[in-house]
Structure formats: structure tokens, C-alpha cells
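Colleague: Need the 3D shape of this:
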Amino acid sequence: MDPITLVMLAVLAVLVLFMFRNNKKRQKDQAELLNKMVPGAEVMTSFGLFGTLLSVNDDTNIAEIAVSDGVVLRVHRQTLSKVVDEDAPAEVEADADTSADADAITATDDVVAPDVDSTPERKKADD
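Modeller: Sure thing, here's the model as predicted:
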């Protein structure tokens, strides 16, 4: 066998090993997520909705999430993307602070749009 073929086979073997390793890691993460998804857990959906998990029906794949007092949403269980840990509220507060700063900046900036009719090009075109 020539050396190029051996190198190509070695690269292929390494790629296959990485694929198997990533697949096992993904399965392990999914199993951990399922173990944490118990009624009463604070969850976040894939579209950013936070709430408390009330129940999950495995037959119909419907999860019920309480988002506030008396408001219960029914969503597909695959939309439950993660269980919110104790560290997550600090991240949410940090995001809220930066968005409040951005609102303050845009509220105080005075942006004046140029008058289109007063530009020299526009006046020449009208003449």
C-alpha cells in the first residue's frame, strides 16, 4: 500500500472515532436532561419560555408548564430544552441589565433624519 492510502485510512478511522464519541456524549447529555425533567423543575423551552414543569405525558408527548399563577401551557415535550439551574438567573439578570442600558442609550440619543428635499441632488433634479 502506498503512504497516501494509509494516511487517508488513518484520517477516516480518527473521524469515525470522533463521531462515536460525540454520539455517546450526546446520548449521555440527553439521559441527564430526562432525569432532571421531573414535575416541579424550572425549565426553559427551545423558544425561550421559562416555567415550572407540572407534568409530562409520554404517550401523547405533551408537557404542561405553569408560567404564572393560573396560566398553564401545553407544549410538545421536545420543546423542553433545559432545566434551569441556580446559575441561570444570574445570566438572565446580566442580560436584562445590558438590554436596559441599550434602551437608555437609544432613548437619550437624538437622531435627526436629513431633510430629503434640502439636498443639492434633489433640488437639481426638480429644476
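Colleague: who's in contact with the helix or strand containing Thr52?
Modeller: Using DSSP states H and E, Thr52 sits within strand 50-57. Residues outside strand 50-57 that contact it (CB atoms under 8 Å, 6 or more residues apart in numbering) are 37-45, 62-67, 72-73, 77, 80, 84. C-beta here means a position set from N, CA and C on the backbone, and glycine is covered the same way.
Colleague: The residues you listed in strands, which ones?
Modeller: Among the contacts of strand 50-57, DSSP state E puts 42-45, 62-67, 72-73, 80 in strands.
Colleague: quick one: low-confidence ranges for this protein?
Modeller: Applying pLDDT under 70 to the chain picks out residues 86-127.
Colleague: and the longest helix for it?
Modeller: Longest helix in the chain, counting residues (DSSP state H): helix 3-36.
Colleague: Now stretch 58-77: buried residues?
Modeller: Of all the residues in stretch 58-77, those buried under the rule 16 or more other CB atoms under 10 Å are Ala63, Glu64, Ile65, Val75.
Colleague: what about the residue nearest to the second one when sequence neighbours are not counted, how many neighbours?
Modeller: Leaving out its chain neighbours, the residue that sits closest to Glu64 by CB to CB, 6 or more residues apart in numbering is Leu54, at 4.3 Å. When neighbours are defined as other CB atoms under 10 Å, Leu54 has 14 of them.
Colleague: So Leu54 versus Thr45, what's the distance?
Modeller: Distance of Leu54 to Thr45, given as CB to CB, to the nearest Å: 14 Å.
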